[in-house]
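Enquirer: Could you work out the structure for the sequence below:
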Amino acid sequence: MKVADGVYQVEGVRVANVWLVEVMDGLLLVDTGTRLGSARRVVESIAELGRRPDDLRYIVITHADMDHVGGVAELKRLTGAKVAIHELDAPVLAGTERPNKGGLVMRALYGLFVRPVTPDRLLRDGDSVGALRVMHVPGHTAGSIALVRDDGVVFSGDALLSDKRGRLIPPDPRLALDKAQAAASADAIRALRAWLVLPGHGTPAAP
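Expert: Below you'll find the model as predicted:
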């Protein structure tokens, strides 16, 4: 489903939102959804755009929670795309560190539903990837990021969410690694005055 110029929501992915973005040298994917069927739906969505799997150049992860990274390993295998994530969340994705929130149950589930992937690129605040600027918005996780396009489209991950009516809502503090940081990061994204916010959960929001 097209939501903005060159931006498409991958439909049929469970739990979290996944976004396909047209960039100069192909396509970029923001997050991947869970391991259960998300890679197949992304590849189908790429085909619906008249593209091939190897047109996917980048997979950019907003944070390392399992509902956002579950399809990374399979998508990298199917497309050859380069995986990028903030340096502070990279060890969790790579499997060299355990998730630092959610307790023992979450860690066990993570091991079951996420296949480790070594990132191709470590991101920092202010970096650019596929013409999107990286904005470090810690709190939900240590390495949470938002991605900002010059025309005012923002991919906010779980740092700022929306409800079913497209109204922006703050992230649930119970799911945050650091509640104060999470609140400050949500405010920082709001301060961008974007015309369209595409969150990790919820519907596209036009503040």
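
Enquirer: Residue 180 - that's part of a helix, no?
Expert: Yes - assessed by DSSP: H, G, I helix; E, B strand; the rest coil, residue 180 belongs to a helix.

Enquirer: Going forward, count from 53.
Expert: OK, 53 is where the count begins now, so the last one is residue 232.

Enquirer: That one against residue 191, yeah?
Expert: Yes - counting by C-beta atoms under 8 Å, residue 232 does reach residue 191; the two are 7.4 Å apart. In short, each C-beta sits where N, CA and C put it, glycine included.

Enquirer: These two - which one has more neighbours?
Expert: Taking neighbours as other C-beta atoms under 10 Å, residue 232 and residue 191 compare with residue 191 leading, 23 against 10.

Enquirer: which residues does the residue found closest to that one once you drop the neighbours it is linked to in the chain contact?
Expert: Closest residue to residue 191 apart from its sequence neighbours, by C-beta to C-beta, 6 or more residues apart in numbering: residue 234 at 2.8 Å. By C-beta atoms under 8 Å, 6 or more residues apart in numbering, the residues touching residue 234 are 190-192, 211, 222-223, 225, 228.

Enquirer: Now for those: which two are most distant?
Expert: Between any two of the contacts of residue 234, the greatest separation by C-beta to C-beta is 14.8 Å, found for 190 and 222.

Enquirer: Name the residue in the two with the higher neighbour count.
Expert: Between residue 190 and residue 222, counting by other C-beta under 10 Å, residue 190 is the more crowded of the two (22 against 15).

Enquirer: Quick one: residues contacting that one.
Expert: 140, 196, 229-230, 233-234, 237.

Enquirer: same check, this time on residue 133
Expert: With the criterion set at C-beta under 8 Å, 6+ apart, residue 133 makes contact with 81, 108-111, 127.

Enquirer: Keep only those of those that are in helices.
Expert: residue 127 (DSSP state H).
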